[in-house]
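Undergrad: build the 3D model from these lines:
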Amino acid sequence: GHFYMLFWENNQCFLMNPRGKVRYGLPVLKEIEQLLLKSKIKKAFFACELYIESIRPRSYDVTKLLDAPESEKDLDKARVSIFDIYQWEEKKYFEPADILFNQLNQIFKEGKLVSIPKYQRIESRSEISHYYEEWVEKDGNEGLVVRAAENFAYKIKPYHTIDVVVIGYAESDKVENEIR
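TA: Numbering: from 1, shown residues only. Purely as a prediction, here's the structure:
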């Protein structure tokens, strides 16, 4: 998926990524607008991940689908997972995780294309290991995000992938058959 900010104001929402790319008019955004209208919130900014419904999509798959869909129906595959609130009405949002996820759940629980991540309050490091084994190793999820009491967040993943294009390489002049 791709990190985006979701902006809600004047009964409309749009997504913007850190590079300034704006997305609007997607079916998932129409659903979000309806849910936010029901909530009576006038203005809010959320952190989210924009992804596509697929077995294991790559980052490029998301870009390809959104920038060059083969049909209008392809855009129905876009999903949003909302995981944080940055601004609520006119104030910055600094609530503990329990309150944050309760708030997100109240707003988005009826969503079909929008969701919030699975959340579990834990009290010890051993519980982190337990949920890692259950949610990542057993259920096959990508990883965990652990929020500390001070609002720091840590990503715990079994591996990190990087999508790259190799544009050149050089062989070592000191070690035979080594690329540097």
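
Undergrad: element containing Ser126?
TA: Here Ser126 sits within helix 125-131, counting by DSSP states H and E.

Undergrad: and that helix, what does it pack against?
TA: Helix 125-131 is packed against strand 144-147, with contacts defined by 3 or more CB pairs under 8 Å, 6 or more residues apart in numbering; DSSP states H and E. Using the backbone N, CA and C atoms, a C-beta is placed for each residue, glycine as well.

Undergrad: the strand it packs on - contacts with which helices or strands?
TA: Under the contact criterion of 3+ CB pairs under 8 Å, 6+ apart, strand 144-147 touches helix 125-131, strand 153-156.

Undergrad: what's in contact with the helix holding Ser126?
TA: With contact meaning CB atoms under 8 Å, 6 or more residues apart in numbering, helix 125-131 is reached by Gln120, Ile122, Leu144, Val146, Ile156.

Undergrad: can I get those in TSV including pLDDT, neighbour count and distance to Asp98?
TA: TSV is the format used below for the contacts of helix 125-131 (pLDDT from 0 to 100; neighbours: other CB atoms under 10 Å; distance: CB to CB, whole Å):
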residue	pLDDT	neighbour count	distance to Asp98
Gln120	87	11	11
Ile122	86	11	11
Leu144	84	17	17
Val146	84	17	14
Ile156	84	13	20
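
Undergrad: between those, which is nearest Glu49?
TA: Nearest to Glu49 among the contacts of helix 125-131, counting by CB to CB, is Leu144 at 14.3 Å.

Undergrad: mind checking how far the closest one is from Leu29?
TA: Distance, Leu144 to Leu29, using CB to CB, to the nearest Å: 27 Å.

Undergrad: show me where this structure has its strands.
TA: Remark: strands assigned in the chain by DSSP state E are 2-9, 12-16, 22-23, 43-52, 78-88, 91-92, 114-115, 144-147, 153-156.

Undergrad: from start to finish, how long is stretch 37-51 in a straight line?
TA: Stretch 37-51 has an end-to-end distance of 23 Å (criterion: CA to CA, to the nearest Å).

Undergrad: pull the distance from it to the chain's centre.
TA: For stretch 37-51, the separation from the chain centroid amounts to 13 Å (computed by CA atoms, centre = their mean, to the nearest Å).
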